[in-house]
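*Asks:* Have a look; sequence and predicted model below, questions after that.
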Amino acid sequence: MSSYSVYILYSKKIDRYYIGHTDNLEIRLLRHNSGFVRWTSHGTPWILVYSESHETRSSAVLKERKIKSRKNRAYIEELIKTASPQLNGRVPRSGINHQVGGSSPSSGIKAMSAAIGCLHDCPKRCDGIITV
């Protein structure tokens, strides 16, 4: 059975959160940071600050909509803090933050291709950071 994730990304550059859902969190984060997602291309790099697993896509979509419907930054930050109490309310430098190549679509494809093979140990090819 497939697993789906609801996730929250944070951009320090624009001081904003992005909420979404996916069936492949690593690839989705790479797409956000490679300029493939129009809504997040201006805020790179995005870091993963929250994720929650769901067994079905419909369950993940419902949770995503619930978070978005609150339209409240304090609610989002409390959700993040509650999920990661060791952070004491700080936005973590976590997630997968691949910075390979330029910002054009073709360089983004190259970046994604290069990064897929180095998601867990790639200090020389990108600044891929995966922490929990």
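*Replies:* Yes, it's here.

*Asks:* So, low pLDDT: which residues of the protein?
*Replies:* 1, 84-132 (pLDDT under 70).

*Asks:* Does residue 29 touch residue 46 like I think?
*Replies:* Yes - the pair residue 29 and residue 46 qualifies as a contact (CB atoms under 8 Å) at a distance of 7.0 Å. From N, CA and C alone the C-beta is placed, and that goes for glycine too.

*Asks:* hey, which helix is longest across this structure?
*Replies:* helix 57-70 (DSSP state H).

*Asks:* mind listing what's buried in that helix?
*Replies:* By neighbour count on 16 or more other CB atoms under 10 Å, the buried set for helix 57-70 is 60, 63-64, 67.

*Asks:* From those residues, pick the one nearest residue 35.
*Replies:* Closest approach between the buried residues of helix 57-70 and residue 35, by CB to CB: residue 64, at 22.2 Å.

*Asks:* what's the spacing between the closest one and residue 79?
*Replies:* For residue 64, the distance to residue 79 (CB to CB, to the nearest Å) stands at 12 Å.

*Asks:* residues contacting residue 64?
*Replies:* Contacts for residue 64 (CB atoms under 8 Å, 6 or more residues apart in numbering) come out as 6, 19-21.

*Asks:* This structure: strands as residue ranges?
*Replies:* Using DSSP state E, the strands assigned to the chain run over residues 4-11, 16-22, 46-54.

*Asks:* Can you add mean neighbour count and give these back as JSON lines?
*Replies:* Converted to JSON lines, the strands of the chain look like this (neighbours: other CB atoms under 10 Å):
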{"stretch": "strand 4-11", "mean neighbour count": "22"}
{"stretch": "strand 16-22", "mean neighbour count": "19"}
{"stretch": "strand 46-54", "mean neighbour count": "20"}
